[in-house]
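# 3D, please:
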Amino acid sequence: MRRRTGLAMAGAVALAWGEWLNWRWSRALVGSRAGAAEAVVVLGYRNPQATANVINRWRVRTGMRSLGADGGTRVIFSGGATGGGAAEAQLMADYAKSVLEFDGTVRLEDRSATTWENITNVIPLLEDVDRVAIVSQPAHALKARAYLRRQRPDLAERLVRADDYRLGEWLVAKPLLALYGLWTLRGLRADERKLSR
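Numbering: from 1, shown residues only. I've put the predicted structure just below:
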């Protein structure tokens, strides 16, 4: 009985820890900037098959729920080809249009192979917007926001929160995502991990 109780408590602590870290990462390096023109940047994930995989489909849905209500939003899908197939950006755009029936403004960045390249290559598409939301899993999105801050601090001032964290979403996977996030974010400075005010 004690062993089961201990395991249940450890599991609850792990779930709460995963939720807390993902919540925290989704709120770091963002502001509350106003403006009508917004870009939602959806970062791709390795996708060797001919259709969007489960992670890219989730990222596209998250991008759609991150859209502003005023209609001045463009969606930028970012990601190059993996394994000689179609570019991640194209697969995500196809999913958004054919399955989610998105008929808004779409731009593709289909050359990047790393998160650093994602940011480098979308910068020209962000010059004329007031607000920028970056969509991915919270740790990956934070890493991308930190990279934008390093490459173009002026554009990083336009960062706003995407709707990439929801309580209970990916609940069982969040402790694993948190562990992986800690590993991938190890190169960020302390000031790049702080919660935004």
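# CA only for contacts and neighbour counts going forward, please
OK.
# Give me the most central residue, the chain.
Central residue of the chain (C-alpha atoms, centre = their mean): residue 136, 1.8 Å from the mean position.
# Quick check: that residue touching residue 164?
Yes - counting by C-alpha atoms under 8 Å, residue 136 touches residue 164, with 6.7 Å between them.
# Name the spans of this protein whose pLDDT lies under the cut-off.
Residue ranges of the chain with pLDDT under 70: 1, 6, 8, 69-71, 194-197.
# Let me see the ranges of the strands in this protein.
38-43, 73-78, 105-109, 131-135 (DSSP state E).
# Nearest approach to residue 13 belongs to which of these?
Closest to residue 13 of those, according to C-alpha to C-alpha: strand 131-135, at 26.8 Å.
# what inclination does the closest one have with respect to strand 73-78?
Using axes from the mean of the first three to the mean of the last three C-alpha atoms, to 10 degrees, the inter-axis angle of strand 131-135 relative to strand 73-78 is 40 degrees.
# Which strands and helices lie in contact with strand 131-135?
If you count contacts as 3 or more C-alpha pairs under 8 Å, 6 or more residues apart in numbering; DSSP states H and E, strand 131-135 packs onto strand 38-43, helix 54-65, helix 138-151.
# re the thing from before, and the residue nearest to the centre of the chain, how close does it get to residue 91?
Computed as C-alpha to C-alpha, to the nearest Å, the residue 136 to residue 91 distance reads 15 Å.
# how about the longest helix anywhere in the chain: buried residues?
Identified as the longest helix of the chain according to DSSP state H is helix 2-26. Residues of helix 2-26 classed as buried: 14, 15, 16, 18, 19, 20, 21, 22, 23, 24, 25, 26 (neighbour count, 16 or more other C-alpha atoms under 10 Å).
# Now for the second one: which residues touch it?
This points to residue 15. Going by C-alpha atoms under 8 Å, 6 or more residues apart in numbering, residue 15 touches 171, 172, 174, 175.
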